[in-house]
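> could you look at this predicted model? Sequence included:
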Amino acid sequence: MNLLQEKQREIVNKLLELLKDKKQHNFSEIENVLQLSKENIDKLLEWACYKAKLINEIPKDPKNEYELSSDGEVVDIDKLDFSDLEIFKKEIELLQDPNLLLKVKIELDKLIIGNDKLKVALWIKTFSRFRSRPILDIIVDDPSSGKSYIVKSILKFFEKDTDFKIITTASQKSFYYFDEKWDSKILFLMEFQALDNETVPVFRDWFSEGWDLGLEHRTVDIKRNKLLLKLSKPPYCIIATSDRNIEKQLGDRAWRNNVEKGFNQNNKIKEFEDLKRMKGIDNPDIKIDETFKNIPKCLNTNLKIVIPFAKFINFPFMDKTRINRDIPKFYDFIELIALIHQYQRDVIEIDGKKYLIARLDDFYKAIYCGFEEFLTTMTEIDKDMNEVLDVLRQHEELTTKEVVKYGKFAYDKTYQILRQLERSGIAGSEKIGRERTWLLVKDISKNEDIGQSDNLSKDGLKKIFSDVFKESGLPNDDKLIENVLLYDKYYYDQIFINNGEKKPNVLLCFNQESNILLKNNQESKNNSQHLIKDRGENIVTTH
């Protein structure tokens, strides 16, 4: 039984369970339980009535009703043939499309202007609600920067209450006072303000190991009655706020995200508003294609995911303690991309458990969509620090007063930021007389090639992955290994590069935005270097 048939079996089973109460149910009642589009429910009922003969259609006024047939009462669902059941046909075609993320981006374009990588990355991360470690996202930016609008637009791809809840700053503790099961849901905290001293540790524990350990929290309700609350599995949570204290309180638990700004973005918004006014449109009622809304219903979210090339991935800033939390975050993001592309990936069964095998393409897409935010998260570089960094990039050396002159902050704040950048190893300083001079030591947006990797042929790669598959307990299958090495030609021009020529040398996959060099720790022990290039510029770490 393939993935589609498994999902169809699950839906049919829900329908039969609903009708087992021996009552007649109308279309609306079935729709509420199954949470499918009207088109898919029509196809399901037609198949169940007239092909599988599991249910009977009872003519009623104003709507027909449905009940379980005698065959439906005794049917062995595992023996049903789902080959002619056409529910999710459009959805599966979409999920099988190599340009799936591009089509998601185009659909998001209907609602969100610009912010192309951010909006796609946030959409991907909503699927973390189905995994063991749901993601916590933070967008901290100035008022009117569009952060809440972006999130609310993405939420239009989901059903309110069924899929997500929105909570404002009115009640910081409401997320755990509610009698709410957050598992597999999305929580949007809109314009959230800094958490109080009681809420901070609870929230931090909730999005780390706290819920998994079954930690309990003693507190009081509104009437000062004592409460003992047990942390349950959290939702995928996204916080949009202009309060930078939130970033400090939760930064090491969250992904930090930045909204696109500047002249180009403002010009896009103006062009969009121009078009609306010229056509006399105030607030257009834009409909999201139901096919995109149904994607979560078509995925098997319980698959275990294997990243067979994980040992070849290095990370910048490995000397930072917080990297211990950040490494799992990026691996989780790779897994989410593989999960969404499961109809284009290998799924194998070992000891009765099903494993989805991620491809290198999932890694490249993770770099393309999310590495900029991941780098911001890992280095703890916020918007204010970036402002100062931009000043340092434009000049070789500057005194503190000169940084203040070219920047936008007062002296004390500028000096504080410069010291933070120095502690991070990104900026350096030298005191000459009474003045301190600053310069950029490690520009995380600049290119510096750091040497060569040993020659590595395609056969050599297959040999390395053959050994890796043995370590992972995966079948040593040439076809499976070749599939892991596949990449999406839409994004990537070539996979082997040597001095600009198409020769098998190092495993280097690139596109307009990203270049990634995977370390070969089998044949390059004496020269293990890792290079990640972003936007044609690279971040370098050497071990």
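Received it, and whenever you're ready, just let me know what you need.
> every contact and neighbour count from this point should use C-alpha atoms.
Noted.
> and F363, how far is that from N476?
21 Å (CA to CA, to the nearest Å).
> scratch that, E86
On the measure of CA to CA, E86 and N476 end up 35 Å apart.
> pLDDT wise, what is G536 at?
For G536, the pLDDT comes out at 27.
> can you map out the strands along the stretch 251-400 of the chain?
255-257, 304-306, 346-350, 353-357, 398-399 (DSSP state E, counting those that start in this stretch).
> what does the stretch 1-150 of the chain give?
25-26, 55-58, 65-68, 136-140.
> quick one, which of the ones you listed is nearest to K304?
strand 136-140 (21.2 Å; CA to CA).
> strand partners (parallel or antiparallel) of that closest one?
For strand 136-140, the paired strands and their directions (DSSP bridges) are strand 236-241 (parallel), strand 255-257 (parallel).
> which of those strands has the lowest mean pLDDT?
When I compare these, strand 255-257 is least confident, with a mean of 86.
> any residues touching that one, and which ones?
L118, I135, L136, D137, I138, I139, V140, E247, E373, F374, T376, T377 (CA atoms under 8 Å, 6 or more residues apart in numbering).
> now, the most widely separated pair of the residues you listed?
L118 and E247 (17.7 Å).
> higher neighbour count, these two?
Neighbour count, other CA atoms under 10 Å: between L118 and E247, E247 has more, with 22 against 19.
> looks to me like the more buried one is in a helix.
Yes. Using DSSP: H, G, I helix; E, B strand; the rest coil, the assignment for E247 is a helix.
> that one against I138, yeah?
Yes. Between E247 and I138 there is a contact under CA atoms under 8 Å: 7.3 Å.
> where does pLDDT dip in the stretch 251-400 of the chain?
281-285, 314-323, 372, 375, 378-380, 382-383 (pLDDT under 70).
> now P143: closest residue in space that isn't a chain neighbour?
Excluding the flanking residues, the one nearest P143 by CA to CA, 6 or more residues apart in numbering is S242, at 6.1 Å.
> residues in contact with that neighbour?
V140, D141, D142, P143, E191, Q193.
> between those residues, which is closest to S69?
The closest of those, once distances to S69 are taken by CA to CA, is E191, at 52.2 Å.
> next, give phi and psi for that closest one.
For E191, the backbone dihedrals (degrees, to the nearest 10) come out as phi 50, psi 40.
> just the pLDDT at it, thanks.
Reported pLDDT for E191: 78.
> my guess is it contacts T168. True?
Yes. Counting by CA under 8 Å, a contact exists between E191 and T168, whose distance comes to 6.2 Å.
> comparing the two, which residue is more hemmed in?
For E191 versus T168, the count of surrounding residues by other CA under 10 Å is larger for E191: 20 against 15.
> looking at this structure, which residue lies furthest from center?
Distance from the C-alpha centroid of the chain peaks at G433, with 49.6 Å (CA atoms, centre = their mean).
> OK, contacts around that one?
By CA under 8 Å, 6+ apart, G433 has no neighbours at all.
> pull up the distance across stretch 257-267, start to finish.
22 Å.
> longest helix of this structure?
Secondary structure of the chain per DSSP state H: the longest helix is helix 360-379.
> what about D384, how many residues nearby?
Neighbours of D384 using other CA under 10 Å come to 13.
> wait, what's in contact with it?
Going by CA under 8 Å, 6+ apart, D384 touches I417.
> could you redo the last one with a cut-off of 10 Å?
Neighbour list for D384: K408, F409, K413, T414, I417 [criterion: CA atoms under 10 Å, 6 or more residues apart in numbering].
> the fourth one contacts T400, doesn't it?
Yes. In this structure, T414 sits in contact with T400. The criterion is CA atoms under 10 Å, and the distance is 7.6 Å.
> which of those two has more neighbours?
Remark: of T414 and T400, T414 carries more neighbours, 21 against 18, as counted by other CA under 10 Å.
> center of this protein, which residue is that?
Closest-to-mean residue, the chain, CA atoms, centre = their mean: K125 / 2.4 Å.
> which of F363 and N476 has more residues huddled nearby?
Higher neighbour count among F363 and N476: F363, with 23 against 14, using other CA under 10 Å.
> apart from its chain neighbours, what residue comes closest to the more buried one?
I334 (5.6 Å).
> mind checking how far that neighbour is from S232?
25 Å.
> those two - which one has more neighbours?
I334 (25 against 19).
> pretty sure that one sits against K365.
Yes. Using CA under 10 Å, I334 is in contact with K365, at 8.0 Å.
> got the domain boundaries for this protein?
3-87, 117-278, 383-440, 458-542 (automatic domain parsing).
> ranking these by mean pLDDT, which is last?
domain 458-542 (a mean of 45).
> report all helices and strands that the longest helix of the chain contacts.
Here helix 360-379 touches helix 116-125, strand 255-257, helix 323-340, helix 478-484, strand 501-510, strand 514-517, strand 529-534, going by 3 or more CA pairs under 10 Å, 6 or more residues apart in numbering; DSSP states H and E.
> buried ones in the fourth one?
Just to be clear, that refers to helix 478-484. Residues of helix 478-484 classed as buried: L480, I481, N483, V484 (neighbour count, 16 or more other CA atoms under 10 Å).
> quick one: which of those is nearest P201?
Distances from P201 to the buried residues of helix 478-484, taken by CA to CA, are shortest for V484, at 40.7 Å.
> any idea how far D196 is from the closest one?
Distance from V484 to D196, by CA to CA: 47 Å.
> thinking again about what came up before, among the strands of the stretch 251-400 of the chain, which is nearest I327?
Using CA to CA, the strands of the stretch 251-400 of the chain put strand 255-257 closest to I327, at 11.8 Å.
> how far does the closest one sit from the chain's center?
11 Å (CA atoms, centre = their mean, to the nearest Å).
> got a list of what the closest residue to T301 other than its chain neighbours touches?
In this structure, T301 finds its nearest non-sequential neighbour in F130, 6.1 Å apart by CA to CA, 6+ apart. By CA under 10 Å, 6+ apart, F130 lies in contact with D183, S184, K185, P235, Y236, P296, N300, T301, N302, L336.
> who wins for most neighbours among the residues you listed?
Counting neighbours by other CA under 10 Å, P235 leads the contacts of F130 with 28 neighbours.
> how much space between that residue and A121?
17 Å.
> repeat for S429
From S429 to A121 the distance is 36 Å (CA to CA).
> and for the nearest residue to L94 once chain neighbours are set aside, the neighbour number?
Nearest residue to L94, sequence neighbours excluded (CA to CA, 6+ apart): L100, at 6.4 Å. The burial count assigned to L100 is 15, neighbours taken as other CA under 10 Å.
> swap in the one 3 residues further on?
A total of 14 residues lie near K103 under the criterion other CA under 10 Å.
> what pLDDT does K446 get?
The model's pLDDT for K446 equals 43.
> same deal with the one 3 residues further on?
In this model, D449 is scored at 28, pLDDT.
> circling back: out of the contacts of F130, list just those in helices.
P296, L336.
> pick the one among the contacts of F130 closest to V347.
For the contacts of F130, the nearest to V347 is N300 (10.9 Å; CA to CA).
> quick check: the closest one vs R9, distance?
For N300, the distance to R9 - CA to CA - is 12 Å.
> same deal with V120?
V120 is 30 Å from R9, by CA to CA.
> one more: K51?
15 Å.
> could you do K261 as well?
47 Å.
> among these two, which residue is more densely surrounded?
R9 (18 against 12).
> can you pull the contacts of the more buried one?
M1, L3, L15, I77, D78, L80, D81, F82.
> most neighbours among the residues you listed, which one is it?
L15 (21 neighbours).
> if I pick that one, what's in contact with it?
Here L15 is in contact with R9, I30, E31, V33, L34, L44, L45, A48, L54, I55, L68 (CA under 10 Å, 6+ apart).
> hey, where'd the helices end up in the stretch 351-500 of the chain?
360-379, 383-393, 400-406, 411-423, 458-472, 478-484 (DSSP state H, counting those that start in this stretch).
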